[in-house]
Every structure is written in C-alpha cells, then in structure tokens.
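>>> Quick one: sequence and predicted model below, then my questions.
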Amino acid sequence: MSIEADALSVIENPGAVQQSFGTDGTGLGGARGAHGNPAWLREVHPQDKVSSKLTAHRLVRVLAAVCALGILGGVIVGVWFIVKLLLRPAATQSPAGLGDTKETSFCNVTEDISVIDPRKVFYRISPENSLLEIQLEKLQTWLPVCYERWNSSLGTLVCRQLGYLRLTKHKGVNLTDIGPNYTDGFVQITSEHKSSLENMWQFRGSCLTGKVIALKCFECGTRAKLPRIVGGVEATLGRWPWQVSLYYSNRHTCGGSIITSQWIVTAAHCVHNSAKLAQHTGYAVEKIIYNKNYNHRSHDNDIALMKLKSPLNFTDTIRPVCLPQYDYDLPGGTQCWISGWGYTQPDDVHIPDTLKEAPVPLISTKKCNSSCMYNGEISPRMLCAGYTEGKVDACQGDSGGPLVCQDDSVWRLVGVVSWGTGCAEPNHPGVYTKVAEFLGWIYEMIENY
C-alpha cells in the first residue's frame, strides 16, 4: 500500500525537478521583454554586435551550467527514491500478499486495560449474614439498609442490579441480632418518589424500626465441586452446568445457556427461521422469542430466548448462569471461557460428542474495531474475545453458546457466541452478543411470557 502511494506521488508530480529551476523563462533569461518573449530571443542591433558576442558566450556558458545542474538534480532525485524503496521493510514490499499472510504484528492497537465505572451506587449481599449492603459514591463504605419503606419489588430490582434474575427471600433483621459490626451508619430509602433505583437512597445515622434488610436472590453462576472449541480441551461433567445443546431434526445445531429452570438464552440466528425445535431426548421448547431488532446481515442484536414446556430439575450438572450486572463493563484482557460442541477444526464436518472448553481474554471494542481487525463492524451490542494470533476460538456449532466470566465469585453470561471471520484466524477473534445490553429485554420477556 505504501509503495503504491509513493509511486503515485512521483507520477502526480512529474515536474518537481523542473519547477525548482523554473519553466516560465524567469529562471533562465531574467525578466520578460516588451512583447512577452524571452530576453535572449530579441533582435540584435549592429551597434550591439560586440556586446552581443560577449552576451552569446555568456549564454552558452549559462545554458551548459543549467544542463549540468539539471542532470545532476535528476540523478540525485533518482538515487533518493531508490534508497527509500530499498530501506522499506520487507513485509510491505508485497502488498498483494498481506491479505494472505495476515501479519499479526500489524495489529498493534493498545488494549484498554481499565474501564470507567459509571455507577454511583454499589450493592452487595454479605455472605456472612445475607444482609443487603450499599455503598454510596461519596461515602466509600459499605452500610446496611434500614427496613423502613422496603418492599419486595425493590428487592427484585436490587437482585437484578447484581445480575440475579429475581428475589427469592427477604426479611427484616433486628440490629441486636447482627452484633456491633455496623457503626458507620445506615442507608435508607428516601421519602420522595424517585424514578431510578440509583437515586432513592440516603444516609441515616440510625434506623427507626431497629431493623435492617436481609436478602436472598435467585441462586446462579455456581458449580458443584467436581473433579476437574478450537484449541480447547474436554470439559469434565458439571464444569459448565448451564450449557445446553439445541437440537433441530435430531441434530445438534447450536448451544445455549440456562438462566432459569424454564428459560434458555441463545443466538437469534440459531432460531430465526425455526418456528419450533423438534422434540429430542431432552426437553421440548414451548416458545422462541428472538430480538425484534435482529439484523441477519450485520449480526446486530443477535440474541433470542427459548421457553421450555416443562421446567428443568436443577442438580450438580444442571444449573443456571448469572446475568451481568447493570452498567458495568469488564476491561479488555479479562480472562473468560467459551464452551460448546462445535467444530474443533475450521474444516471439520462432524460435531464432537464431548463438550469442549477454552479460555479466551476479552478484547476492547476499540481494538476489535480497528482497521487490523474488524474495521468498524463491531456495534455497541457486540463484544470480542480471543487472541491476536488466533488458534483458540469458537467455531461452527458453537453459536448461541456461552461466553462466561467469573465476577464476584459467580459466573456470569457476558456474551453469546455470534459470528466471526473464519475460525481461530489471526486478527479475527470471535464476536459475541453483549448480554449486558439486553438485560431489560430479557427481564421483560420473562415477565410477559
């Protein structure tokens, strides 16, 4: 590319050497005559013969000098271009071959190792006593929540902020029962009606009721302590208990992830043209809902929900995965995992019988959208994961399956396998639907159906 550009600049400027000496006569003969002709072509009068001879000799010498300078200048410019081409790196001397070799060193965009957290209020549930604790942005300390004005709807909202699908249990706990650990104050719901959960909390020195909130949310993202994809290895039973296989016409077609006993998350392109998935040895599907904004050309909004006819029975090997937290992005470089029954080589024709797993780091959208990767094709509803050099990636048959990352000691469904250029190719990592962008849609569909 750069060689062609340099050659073009020479063609566009063929007069560069000439211009340095002038082409309008001013450089060779001085000022113009009365009739606009060059001075050395004027008629010579008899009385000027002596001076004319001298002038002619001078002109001959001047012309000879000019010719010599012109030749020398041309030689200098030619040598300059030759040296410039010879010093160019070897990798760029064959522009036609760049698309074939896919030099990974070309992709040198700096990875974003941190993200700005936009949240002003942080939530957690104490593992010791199940108390809801809130950290307000200005206080920088975790405080329990007073029972005043509390209700179950707020409990559901808080659980979803934490990535749990719903509230399971809540109650007021007497301050006398939790010991002297909380002495910095409390958080309480404001008396005014607030439109957002973030704006309804205020600091209090005490709780009038003498009680604070204890919560239990829908359990997810954990796996039993059992013994322990392209470039992947076989996963032990129960290692990814939320992973499911979607069958169509008695064949594995895609993956999916359990989020409740009756709901599965998968990719829209897996079910877009399927009115119903056929009964297999597993569970039948009652309803398929794909995102209405799904675009099969750009792969944007590539997410769907499936409702099972009968609920799953959770065991050590069948468990739900947590959803992401609201308004929080994991930074590039975060180690996550993919799993599936897809091809283990790009040219495979057989689906493996065993579940494969592989670790892949997240790649920032800035890097993935750079010209050396996907050149602007990654929308805000997508994310990338994989390696610059390739070798480890999801492939055909893995679509709809999970990209999970461990956060706050639980596993969260950060992405859904969506698309990519080839499988495990250099500078073309896997592209996933960004689940965090669809939390509202997921909750709405589950409530309505």
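Nice, I can see it. Residues are numbered from 1 along each chain as shown.

>>> and the protein, what are its domains?
Annotated domains of the chain cover 121-217, 233-448 [automatic domain parsing].

>>> For the last one, give the mean pLDDT please.
Domain 233-448 comes out with an average pLDDT of 89.

>>> Determine how far the last residue of that domain lies from the first.
In domain 233-448, first residue to last residue: 39 Å (CA to CA, to the nearest Å).

>>> next one: the first one
End-to-end span of domain 121-217 (CA to CA): 18 Å.

>>> for the record, mean pLDDT for that domain?
On average, domain 121-217 scores 89.

>>> can you give me the helices in the stretch 51-200 of the chain?
Counting by DSSP state H, counting those that start in this stretch, the stretch 51-200 of the chain has helices at residues 98-101, 152-161.

>>> sorry, back to before: any chance of the domains of the chain in CSV, with mean neighbour count and distance to Lys225 too?
Placement of C-beta: from N, CA and C, glycine included. Shown next, in CSV, are the domains of the chain (neighbours: other CB atoms under 10 Å; distance: least, CB to CB, whole Å):
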stretch, mean neighbour count, distance to Lys225
domain 121-217, 16, 17
domain 233-448, 19, 9
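
>>> of all the helices of the stretch 51-200 of the chain, which lies closest to Asp177?
Comparison of the helices of the stretch 51-200 of the chain against Asp177 by CB to CB identifies helix 152-161 as nearest, at 19.5 Å.

>>> Are there helices or strands packed against the closest one, and which ones?
Under the contact criterion of 3 or more CB pairs under 8 Å, 6 or more residues apart in numbering; DSSP states H and E, helix 152-161 touches strand 167-174, strand 211-217.

>>> Make CSV out of the ones you listed and add distance to Pro324.
Compiled in CSV, the helices and strands packed on helix 152-161 are given as follows (distance: least, CB to CB, whole Å):
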stretch, distance to Pro324
strand 167-174, 18
strand 211-217, 14
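
>>> Of those strands, give the one that comes closest to Asp398.
Nearest to Asp398 among those is strand 211-217; the distance by CB to CB comes to 29.5 Å.

>>> Can you give the contact residues for the closest one?
125, 129-132, 144-147, 150, 155, 158-159, 162, 164-175, 178, 182, 186 (CB atoms under 8 Å, 6 or more residues apart in numbering).

>>> downstream neighbour of the helix or strand Lys367 falls within in the secondary structure list?
Here Lys367 sits within helix 365-368, counting by DSSP states H and E. Downstream of helix 365-368, the next assigned helix or strand under DSSP H and E is strand 382-385.

>>> Just checking: what are the partner strands of whatever helix or strand comes next after that following strand?
Going down the chain from strand 382-385, the next helix or strand is strand 402-407, by DSSP H and E. Strand pairing for strand 402-407, using DSSP bridges, gives strand 335-340 (antiparallel), strand 410-419 (antiparallel).

>>> Could you save these as CSV and add columns showing distance to Gly386?
What follows is these, written out as CSV (distance: least, CB to CB, whole Å):
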stretch, distance to Gly386
strand 335-340, 9
strand 410-419, 11
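
>>> Ser196: which of those strands is closest?
strand 410-419 (22.5 Å).

>>> Distance of Asn250 relative to Thr266?
Noted for Asn250: a distance of 18 Å to Thr266, by CB to CB, to the nearest Å.

>>> Thought Asp327 was touching Pro118, still the case?
Yes. Look at Pro118 against Asp327 with CB atoms under 8 Å: they come within range, at 5.3 Å.

>>> helix or strand for Glu444, which one?
For Glu444, the element it lies in under DSSP H and E is helix 439-448.

>>> Mind giving me the packing neighbours of that helix?
The contact analysis (3+ CB pairs under 8 Å, 6+ apart) places helix 439-448 against strand 304-308.

>>> Determine the angle, from 0 to 180 degrees, between the strand it packs on and helix 439-448.
Put simply, strand 304-308 runs at 30 degrees to helix 439-448, going by axes from the mean of the first three to the mean of the last three CA atoms, to 10 degrees.

>>> mind starting the numbering at 295 from now?
From this message on, residue numbering opens at 295, which makes the last subject strand 598-602.

>>> With only the CA atoms kept, save strand 598-602 in CSV.
Output of strand 598-602 as CSV, limited to C-alpha atoms (Å, rounded to 0.1, in the frame of the first residue of the first chain):
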residue,chain,number,x,y,z
ALA,A,598,-33.0,-15.0,21.5
LEU,A,599,-34.9,-16.6,24.4
MET,A,600,-36.4,-20.0,24.5
LYS,A,601,-39.1,-21.2,27.0
LEU,A,602,-39.2,-24.8,27.8
